[in-house]
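Colleague: Sequence plus predicted model, see below.
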2 protein chains.
Amino acid sequence: MCRNNPAGRLPEPPNPIADDGDETHFCRTCAFSGACIAEGYGKPELLELHCLVEHVGPFHAGEHIFRTGDPFRSIFAVRAGTVKTSMVDPDGHEQVLGFYLPGEVIGLNAIYPDQFPCDAVALDTAYFCRFSFPAMSALATRMPAVQQRLFRLISKELGMATLLAGDHNADMRMAAFLTDLAARYEERGFSGTRFHLSMSRGDIANYLRLAAETVSRVLSRFRQQGLIELEGRELLLRDPERLRQIGKNLLSH
Amino acid sequence: MCRNNPAGRLPEPPNPIADDGDETHFCRTCAFSGACIAEGYGKPELLELHCLVEHVGPFHAGEHIFRTGDPFRSIFAVRAGTVKTSMVDPDGHEQVLGFYLPGEVIGLNAIYPDQFPCDAVALDTAYFCRFSFPAMSALATRMPAVQQRLFRLISKELGMATLLAGDHNADMRMAAFLTDLAARYEERGFSGTRFHLSMSRGDIANYLRLAAETVSRVLSRFRQQGLIELEGRELLLRDPERLRQIGKNLLSH
DNA sequence: CGGCAGAAATGACGTATGTCAAGCGCACTT
DNA sequence: AAGTGCGCTTGACATACGTCATTTCTGCCG
């Protein structure tokens, strides 16, 4: 596939999607596929796991997958598109909790309160696999690998939240944010140096606990310093190593 | 028991301890006891759960329960004393992650990386129940209530971390911190209005992502406003309701 | 009792980042 | 094509909080 590239524009990256699953195969990049494949479970177990999956979508940009207070019944794996989760605090300020890419799982933070503590909103057209959580935990009691996977998914999410909670300046936060996004895209088989930011500057700012203006300024500075190229929301990391270095205090691995 | 109370000093609260368990009974306040009692498991299951418990301690103030990088084999329930967990980032700055009271569980954030991502240090003389994690997850596959309890414990910890990650000013953070501590003491059967701060101002500051001086100033102001009484580390909440109000954006329930 | 060391409180000052305001560009509607 | 709204950028200014310095308090040990 060869697009033309007019007037110095960044070429568009392929649209990230993890949608190659069917009735008997998981999507390659799904957070759960590993549980079965790696652990050598056979057809019967795979089929059982598939029984409790339901494909849902499309959700269009701005549509809610779930809302704060909805009873917790399922977790969702992103098949395609991007999701942001956010809480609104008692005096109405939104707090973005995270962004989720194809292959990642949302809803894990609802287990304890037994209802969703946040909203989940599609940032672009998005598709999901919905897993009934009661069914999944029942299955987990028979398939240790599934239980293990769930423990690890939640524990990982905990690690992420912890890092974000640290006190770091705007440059560190932004560099870590970009590096983390890049790593997650790469992990799922997409380009780790050129991708589309599906969220607005405002959402990024909110997520990083900065003002939108600060995000603009930091990005401009990164551009001037030759760390990135950026046109609208099309991003190219020109010096990923330096970015990683700047954000290292916020990055686990 | 009746102490005298010289010259306007705050009377000392009883030393919080949750140490009434034995070979066949859990401590009343233990985070796991509920899993069995509430779910109506009988003697055999209780005994099984006890088989994988080992009582450890005492650890004295400043001693490590575990260190960053230690292989993850067990989680720990606090029986008595207080613990702080903290990470040191790549350039040597400490980050306090949390404080843990009797009845609470530490080590859950080690599941994903499969090694402890932080240090755990006793703030005063502390005793623990150590649970082998492999044994516990094996047991969890046979006792859904145990699995459920584990999911909820991790998910709860996730909720805590998320709240701390929000952006809030020093007053809100401090009020929420005090209110949360109070609630947790009360939940475990101790006084929820009068207790001992086992951590230094510096640790509190670090936990709340503030400077130690800011913590001092906020506490002084709270005192002037009649919200609290404070002598050294002995604390009395004079207006818990108002404190809760100030910190409400950081408090889940 | 005296002296010391660490913890805590208080004051003076600097700064990173938030807030306010203005302007630009792009998409969409009429 | 003109109009409208929203997202983004940029500049000027305000402020909450951090940093540095000094003092006070507290517990500890000889």
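Modeller: That came through fine.
Colleague: for chain A, longest helix please?
Modeller: helix A:144-165 (DSSP state H).
Colleague: Is that one positioned near chain B?
Modeller: Yes: applying CB under 8 Å from any CB of the partner chain, one finds helix A:144-165 touching chain B at A:144, A:147-148, A:150-159, A:161-162, A:164-165. (Glycine included, C-beta is placed from N, CA and C.)
Colleague: quick one, that helix and helix B:144-165 angle?
Modeller: Between helix A:144-165 and helix B:144-165, the angle comes out at 20 degrees (axes from the mean of the first three to the mean of the last three CA atoms, to 10 degrees).
Colleague: Give the buried residues for helix A:144-165.
Modeller: A:144-147, A:149-165 (16 or more other CB atoms under 10 Å in any protein chain shown).
Colleague: near chain B, which residues of the stretch 151-253 of chain A show up?
Modeller: Listed as neighbours of chain B in the stretch 151-253 of chain A under the rule CB under 8 Å from any CB: A:151-159, A:161-162, A:164-167, A:209, A:248-249, A:252.
Colleague: quick one, phi/psi of residue A:66?
Modeller: Taking degrees, to the nearest 10, you get phi -150, psi 170 for the backbone angles of residue A:66.
Colleague: which residues does it contact?
Modeller: A:76, A:107, A:116, A:119, A:120 (CB atoms under 8 Å, 6 or more residues apart in numbering or on different chains).
Colleague: Quick check: closest non-adjacent residue to residue A:63.
Modeller: residue A:122 (5.2 Å; CB to CB, 6 or more residues apart in numbering or on different chains).
Colleague: residues near that neighbour, how many?
Modeller: Neighbourhood size, residue A:122 [other CB atoms under 10 Å in any protein chain shown]: 23.
Colleague: That one bridge partners, please.
Modeller: Beta-bridge partners recorded for residue A:122 (DSSP bridges): residue A:83.
Colleague: Need the pLDDT of it.
Modeller: At residue A:122, the pLDDT value in this model is 95.
Colleague: now swap in residue A:1 and tell me
Modeller: If you check residue A:1, the pLDDT there is 37.
Colleague: what does residue A:133 give?
Modeller: 91.
Colleague: From the structure, what's the count of residues near it?
Modeller: Residue A:133 has 21 nearby residues by other CB under 10 Å.
Colleague: I'd like the distance between it and DNA strand C.
Modeller: According to CB to the nearest atom of the strand, to the nearest Å, residue A:133 and DNA strand C sit 36 Å apart.
Colleague: Spit out the contact partners of that residue.
Modeller: Residues near residue A:133 by CB under 8 Å, 6+ apart: A:72, A:73, A:74, A:75, A:107, A:111.
Colleague: 6 Å instead, please
Modeller: A:74, A:75 (CB atoms under 6 Å, 6 or more residues apart in numbering or on different chains).
Colleague: where does it fall, phi/psi-wise?
Modeller: Residue torsions, per degrees, to the nearest 10, at residue A:133 are phi -70, psi -40.
Colleague: Look up how far residue A:52 lies from it.
Modeller: 9 Å (CB to CB, to the nearest Å).
Colleague: Leaving out sequence neighbours, find the closest residue to the residue nearest the centre of chain A.
Modeller: The centroid of chain A falls nearest to residue A:100 when counting by CA atoms, centre = their mean (1.8 Å). Using CB to CB, 6+ apart and skipping the chain neighbours, the partner closest in space to residue A:100 is residue A:83 (4.4 Å).
Colleague: Now do the same contact list for the one you found.
Modeller: Each residue near residue A:83 by CB under 6 Å, 6+ apart is listed here: A:100, A:106, A:120, A:122.
Colleague: tell me which of the residues you listed is nearest to residue A:222?
Modeller: residue A:100 (24.0 Å; CB to CB).
Colleague: pretty sure that closest one is touching residue A:78, no?
Modeller: Yes: under the criterion of CB atoms under 6 Å, residue A:100 makes contact with residue A:78 at 5.3 Å.
Colleague: out of the residues of the stretch 151-253 of chain A next to chain B, which touch DNA strand D?
Modeller: Among those, proximity to DNA strand D is found for residue A:167 (CB under 7 Å from any atom of the strand).
Colleague: Do a quick rundown of the strands in the stretch 151-253 of chain A.
Modeller: Here the stretch 151-253 of chain A has its strands, by DSSP state E, counting those that start in this stretch, at A:194-196, A:228-231, A:234-237.
Colleague: Alpha carbons of stretch A:56-68, as PDB, please.
Modeller: Extracted in PDB, the C-alpha atoms of stretch A:56-68 (Å, rounded to 0.1, in the frame of the first residue of the first chain):
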ATOM      1  CA  VAL A  56     -20.200  -5.700  21.000                       C
ATOM      2  CA  GLY A  57     -19.900  -2.500  19.000                       C
ATOM      3  CA  PRO A  58     -19.400  -0.400  17.100                       C
ATOM      4  CA  PHE A  59     -19.400   2.500  19.500                       C
ATOM      5  CA  HIS A  60     -18.800   5.800  17.900                       C
ATOM      6  CA  ALA A  61     -16.700   8.700  19.100                       C
ATOM      7  CA  GLY A  62     -18.300  10.100  22.300                       C
ATOM      8  CA  GLU A  63     -20.500   7.100  23.000                       C
ATOM      9  CA  HIS A  64     -20.400   5.500  26.400                       C
ATOM     10  CA  ILE A  65     -19.400   1.900  26.900                       C
ATOM     11  CA  PHE A  66     -20.400   2.100  30.500                       C
ATOM     12  CA  ARG A  67     -21.200   4.900  33.000                       C
ATOM     13  CA  THR A  68     -20.400   5.500  36.700                       C
END
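Colleague: And stretch A:137-146, how far out from the chain middle?
Modeller: The chain centre lies 24 Å from the centre of stretch A:137-146; the measure is CA atoms, centre = their mean, to the nearest Å.
Colleague: right, I mislabeled it, should have said stretch A:210-223
Modeller: In terms of CA atoms, centre = their mean, the centre of stretch A:210-223 is found 22 Å from the chain centre.
Colleague: quick one on the thing from earlier: pLDDT at the residue nearest to residue A:100, what is it?
Modeller: Per-residue pLDDT puts residue A:83 at 96.
Colleague: and if you look at residue A:141?
Modeller: Per-residue pLDDT puts residue A:141 at 86.
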